[in-house]
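Participant: structure for the following, please:
(one chain, ligands or ions: 1)
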Amino acid sequence: MATMDTAEPSRRDFLYIATGAVGAVGVAAVAWPFIDQMNPDASALALASTEVDVSNVAPGQIITVKWRGKPVFIRNRTDEEMKKLEAMDWKVLRDPQTDEARVKKGHENLLVVVGVCTHLGCVPLGHQGEYEGWFCPCHGSVYDASGRIHAGPAPLNLPVPPYEFISDKVVKIG
Ligand code: FES
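Facilitator: Have a look, this model is predicted:
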């Protein structure tokens, strides 16, 4: 009996040890990718700012670039679009802001905004909606060509990210 008692637990112990070892290896294997993701590598740091050559963005064109995982719209507004914006009464807007406050002096036609609807984060569609600015297909928010909110549930204008012209042609976002 004594021999049996000793033999049984030792076999069970082995199973526990084996299971425990597999568990530990499993945890390590799962934990590694998460830990690895937490270390910003060179490519992630590079994305903290994005440089874009805007010289090829034609009047009326909108390009979308990626900055910190978000879409950023760069829009070269036509003179006609600029005239329409100037004629608007910005003081009555939900998030009142002049167009001048949203662009860089000397580059007024060029608008740079984060392309994420301020309601629940959908990506609005360009040249659409009543003001031909952007229209959010998710719940119908309407933005003008300055990215300012006019109608729908979005509470705020499309945000202008930090950016600067580092030459006549190149914009650095971030
Ligand atoms: S997410 Fe754009 S209107 Fe709701």
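
Participant: rest of the way, CA atoms for contacts and neighbours
Facilitator: Noted.

Participant: relative to the ligand, how far out is the most centrally placed residue in the chain?
Facilitator: For the chain, the residue nearest the mean C-alpha position is residue 70 (1.8 Å; Cα atoms, centre = their mean). Separation of residue 70 from the ligand (Cα to the nearest ligand atom, to the nearest Å): 15 Å.

Participant: just residue 113 next, same as before
Facilitator: As for residue 113, its distance to the ligand is 15 Å (criterion: Cα to the nearest ligand atom).

Participant: pull up the residues of this protein that are close to the ligand.
Facilitator: When proximity is defined by Cα under 6 Å from any ligand atom, the chain lies next to the ligand at 117, 119-122, 136, 138-141, 153-154.

Participant: of those residues - the most surrounded one?
Facilitator: For these, the largest number of neighbours (other Cα atoms under 10 Å) sits with residue 117, at 29 neighbours.

Participant: so what's it up against?
Facilitator: Contact analysis of residue 117 by Cα atoms under 8 Å, 6 or more residues apart in numbering lists 123-124, 136, 141, 154, 158.
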